[in-house]
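Colleague: sequence-free structure coming up:
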Ligand code: F6P
């Protein structure tokens, strides 16, 4: 097989110094033209305009999806039912800034939340910890998501109760894992000798359900609101991202918002042909239709971004993992499975399948131009990291002939290269907003509502009678309307 890339021309695009190279997608100029025509004909440009204008693009819940307003640092008015939301958004920014200056002597922060109330801040805290130029206040930031008490036990064993702050983060304030964990942490504070007023002082909430937070016992001054027009998985830009500001300073948080805002402006204004989120969405659509791909991978060649694929999994699969379109009609395609982890480690795990497996898995290689530490070895190590990244993409695209079938690399395995100039708060914000806008674009192209998640509810409902049956300790449960025969047997097994 030739070592020539199987197609390479006109494939470099950039916005705010983020470069996207689609050369290894194997999409001809003619095919690209058709993709852009199709995107136009599907009304994508109108969709983008509607999204930023606060139209009710979340049609099943009859509300806008306006997370872009949360990073609208210029405060250009954003109207919902004729009222500008920016004053309320800016007030939360002021309160976050004030809180950053207020917290002194805090050793531990326990951030309690799950899904969209967890992944974004966790990713940002982790990623920015690797940036040498960012000053950290050095608090221990604990993320408590799972109902499994392993995480709870590990955190409570380390935290110092009298200098701990607790932030309960839940859009709905009804999520069982979060409320159970919050109760456990409050009980731990009390058991550790904190007085009622010390507990009240330590307890904060970030939520769109203020009455429920008050009912839980959080003082009004300690409640940071966000709104029903912010989806949970799109909420890191709100006070959900509070840990970022508290640990790294309000200016860093603002930089994070600024990067996202810059990417939004690009998405909103650039023609489709130069539009990074749109190009990325179309490349996936092409591979899905051409190769019937069922999965794709996002591989950041940066340890700092190891949490990125987990964040992306919720973003893509909760947004677009649907079988029906906006009108309830079956769709042919929706979100493929997305997975990934940091390279080059990932190469030593599942890359064998990428190169020689029977499935074609498109890949987004994400690389950072600058090294991620100021160690003396950083430049040499970073060069090796980048050469691995480039080599994998080349090997996947071009393949390799061999007389022994075992050594044949079939090639023609598509990938994108996304190159960030550096990793800092600005480019982290830009990266996340790029993917958010790409997810929204894919939803628009599939005519799927990317902003609801009805599929997560049924299991939660079924868990209630099952929990009751487990709590009964009986091992003679029989099938009923709520519990089928298989599950009844499993409950009996657990209760024996
Ligand atoms: O169960 C899924 C989900 O509703 C996600 O959409 C959301 O991010 C997560 O649970 C947490 O929800 P909340 O912020 O309301 O606690």
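Modeller: Perfect, thanks for sending it. Not measured: the values here are computed from a predicted model.

Colleague: for the ligand, what are the nearby residues on the stretch 301-450 of the chain?
Modeller: Taking Cβ under 6 Å from any ligand atom as the criterion, the neighbours of the ligand within the stretch 301-450 of the chain are residue 318. Yep, even glycine has a C-beta here, placed from its N, CA and C like the rest.

Colleague: what about the helices in the stretch 301-450 of the chain?
Modeller: 308-313, 319-320, 351-356, 378-398, 425-446 (DSSP state H, counting those that start in this stretch).

Colleague: any chance of those helices in CSV, with mean neighbour count and mean pLDDT too?
Modeller: Formatted as CSV, the helices of the stretch 301-450 of the chain follow (neighbours: other Cβ atoms under 10 Å; pLDDT from 0 to 100):
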stretch, mean neighbour count, mean pLDDT
helix 308-313, 22, 98
helix 319-320, 24, 98
helix 351-356, 16, 98
helix 378-398, 16, 98
helix 425-446, 25, 98
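
Colleague: so which of those comes closest to residue 67?
Modeller: Distances from residue 67 to each of the helices of the stretch 301-450 of the chain were compared using Cβ to Cβ; the shortest belongs to helix 425-446, at 7.1 Å.

Colleague: After that closest one, which helix or strand is next?
Modeller: helix 457-471 (DSSP states H and E).

Colleague: and that next one, average pLDDT?
Modeller: Here the mean pLDDT over helix 457-471 is 95, rounded to a whole number.

Colleague: buried set for it?
Modeller: Taking 16 or more other Cβ atoms under 10 Å as the basis for neighbour counts, the residues of helix 457-471 that come out buried are 465, 466, 469.

Colleague: which one of those residues is nearest the ligand?
Modeller: Minimum distance to the ligand across those is 16.8 Å, recorded for residue 466 (Cβ to the nearest ligand atom).

Colleague: Quick one: residues contacting that closest one.
Modeller: For residue 466, the contacting residues are 482, 483, 487, 491, taking Cβ atoms under 8 Å, 6 or more residues apart in numbering as the criterion.

Colleague: Could you check how far the closest residue to the third one other than its chain neighbours is from residue 482?
Modeller: Yep, that's residue 487 we're talking about. With sequence-adjacent residues excluded and distances taken as Cβ to Cβ, 6 or more residues apart in numbering, residue 487 is closest to residue 466, at 6.6 Å. Applying Cβ to Cβ, to the nearest Å, the value for residue 466 to residue 482 is 8 Å.

Colleague: what do you get for residue 297?
Modeller: Counting by Cβ to Cβ, the separation of residue 297 from residue 482 is 38 Å.

Colleague: Repeat that for residue 364.
Modeller: According to Cβ to Cβ, residue 364 stands 42 Å off from residue 482.

Colleague: try residue 61
Modeller: From residue 61 to residue 482 the distance is 26 Å (Cβ to Cβ).

Colleague: Which one's more surrounded, those two?
Modeller: Between residue 61 and residue 482, residue 61 has the larger neighbour count (other Cβ atoms under 10 Å), namely 16 against 13.
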